[in-house]
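Trainee: Okay, sequence plus prediction incoming.
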Amino acid sequence: LQAFRADGRKLLEREFSANMASSSLSDDGRFAICQTANAPGSPDSCRYFLFDLEKGEEITSWVQETGWADGYEFDSVNERIYLSKEGKDRVAYGFDGKMVDREGWQRTRIAAGDLGVIRSVLEGVGHSLTHDLRTAIFAGLDVVAESYDIWSQAKALRLRGEMHEQAGEVDEAIASYEQALAIDPQV
């Protein structure tokens, strides 16, 4: 990534060990962001990088938990950047690389049946799954069962089975696993 002033003077240069997927510049020209592609084994793989061009330095970088962005909006005053994806969420990050409303984003993605987010949340909470979160996740898995491809349905049923098994609900777990295997024996 290279950035230059209007007069041609270089403001910043940053070499990555991953291909750059996209980049954007704030309206005031002070900040830039770029997103890198998947590069297994690279510390630059699948990350966002935020730069202060006025200072000529990288501010922060973070893993793209929210997926690939199609667009960027900068709020330089409040030090936020909004990542958007066509047809999906618009997610705010602070200039420190932290998602502004991570729990709200997770709730939205769970309700939409996003299996990646559901699995990530389940791994994060371990055995301390609250009743409300469990109910929300089951509702999200129902969305997958009604509207996604059969392989996603099988994965959703497997996750449902894992949740039942973890809660000691053996009969429900077995039923979910059997339904998943009937759809995709390799699930």
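Mentor: Happy to help now that I have it. Worth saying up front: this structure is predicted, and the values here are computed from it rather than measured.
Trainee: low-scoring stretches of the protein, by residue?
Mentor: Scanning the chain for pLDDT under 70 picks out 87-88.
Trainee: quick one, strands of the protein?
Mentor: 2-4, 10-13, 20-25, 31-36, 47-52, 57-63, 71-75, 80-84, 90-94 (DSSP state E).
Trainee: right, and the ones you listed - which one's nearest residue 168?
Mentor: Evaluated over those, closeness to residue 168 peaks at strand 57-63, with 33.9 Å, by CB to CB. To be clear about C-beta, it is placed using only N, CA and C from the backbone, and glycine gets the same treatment.
Trainee: Can you say which of the strands of the chain is nearest to residue 110?
Mentor: Across the strands of the chain, closest to residue 110 is strand 90-94 (CB to CB), at 14.5 Å.
Trainee: ok so, going back, now tabulate the strands of the chain in TSV and tack on distance to residue 134 and mean neighbour count.
Mentor: Shown next, in TSV, are the strands of the chain (distance: least, CB to CB, whole Å; neighbours: other CB atoms under 10 Å):
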stretch	distance to residue 134	mean neighbour count
strand 2-4	47	12
strand 10-13	47	14
strand 20-25	36	15
strand 31-36	34	21
strand 47-52	31	21
strand 57-63	26	14
strand 71-75	34	16
strand 80-84	29	18
strand 90-94	24	18
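Trainee: Which among the ones you listed is found nearest to residue 170?
Mentor: Using CB to CB, the nearest of those to residue 170 is strand 57-63, at 36.3 Å.
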